[in-house]
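>>> Prediction below, plus the sequence it came from.
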Amino acid sequence: GESVGLHLPTLSVQEGDNSIINCAYSNSASDYFIWYKQESGKGPQFIIDIRSNMDKRQGQRVTVLLNKTVKHLSLQIAATQPGDSAVYFCAESVYNFNKFYFGSGTKLNVKP
Amino acid sequence: DTEVTQTPKHLVMGMTNKKSLKCEQHMGHRAMYWYKQKAKKPPELMFVYSYEKLSINESVPSRFSPECPNSSLLNLHLHALQPEDSALYLCASSKETGGNTEAFFGQGTRLTVV
């Protein structure tokens, strides 16, 4: 199956700093990507998505960047807050294949 | 209503038991999914239903049996499970079936097999 991986399993940042979480994917046919946040004991929560015809998309305090050339995805969180502490997963899918594959996840620790 | 509701939240079952996990959404979504998540691991896709028909089975053992009674409900029937099947079972749904719209997840059922 497709392989979606992350460079950093754990990221610790100071409250107020910006966070960058990275994800590498291996399937060049993937054309839709989602970032999910998962808090302990809860299901994944949608944060932001991006389609392959875009290279950047912004939400509230979050920005996703897509580099198709190197098959890399990143999530930037501005002014990180303690409530942002969670595990973050990227997920990819290929149009019409109706599957979402998840990367291995990065745990974000926000220090007050 | 943007919720996917899963019941029960916790389940402990013996290896000879039969139990069912339930999932419900009222968003009119036409695709529904079952994922399995072990501790500190990403969710792994098990099944996909598209328009109430099973469209994807990711080589899941037959002791897991999915069912989609209608467009709002998704069940996962469990029988003769093993301790290694203990995990968080997540249900998700998405508006379209092409895999190009976001999937909304429920809070999961924490399953322990003893």
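Thanks, I have the structure now.

>>> who's the residue lying closest to A:S30 once chain neighbours are set aside bridged to?
In space, A:S30 comes closest to A:E92 once its chain neighbours are excluded; the distance is 4.1 Å by Cβ to Cβ, 6 or more residues apart in numbering or on different chains. For the C-beta atoms, the positions are set from N, CA and C on the backbone; glycine is no exception. Beta bridges link A:E92 to A:F33, A:Y101 when assigned by DSSP bridges.

>>> how about A:E92, what does it touch?
A:2, A:4, A:25, A:27, A:30, A:32-34, A:100-101, A:103 (Cβ atoms under 8 Å, 6 or more residues apart in numbering or on different chains).

>>> redo that, cut-off 10 Å
A:2-4, A:23, A:25-27, A:29-34, A:52, A:71, A:73, A:99-103, B:99 (Cβ atoms under 10 Å, 6 or more residues apart in numbering or on different chains).

>>> Equivalent analysis for B:T101, please.
B:T101 neighbours (Cβ under 10 Å, 6+ apart): A:32, A:34, A:49, A:93, B:29, B:31, B:94-95.

>>> Most neighbours among these, which one is it?
A:S93 (26 neighbours; other Cβ atoms under 10 Å in any protein chain shown).

>>> Just the pLDDT for that residue.
Note on A:S93: pLDDT of 88.

>>> wait, what's in contact with it?
A:2, A:27, A:29-34, A:49, A:99-101, B:94, B:98-103.

>>> again with A:Q45
Contacts of A:Q45 by Cβ under 10 Å, 6+ apart are A:35-39, A:86, B:104-105, B:107.

>>> Kindly tell me how buried B:E52 is, as a neighbour count.
B:E52, neighbours per other Cβ under 10 Å, totals 15.

>>> For the closest residue in space to it that isn't next to it in sequence, identify the helix or strand it belongs to.
With Cβ to Cβ, 6+ apart as the criterion, B:E52 has its nearest non-adjacent residue at 4.7 Å, and that residue is B:C68. Counting by DSSP states H and E, the element that carries B:C68 is strand B:64-70.
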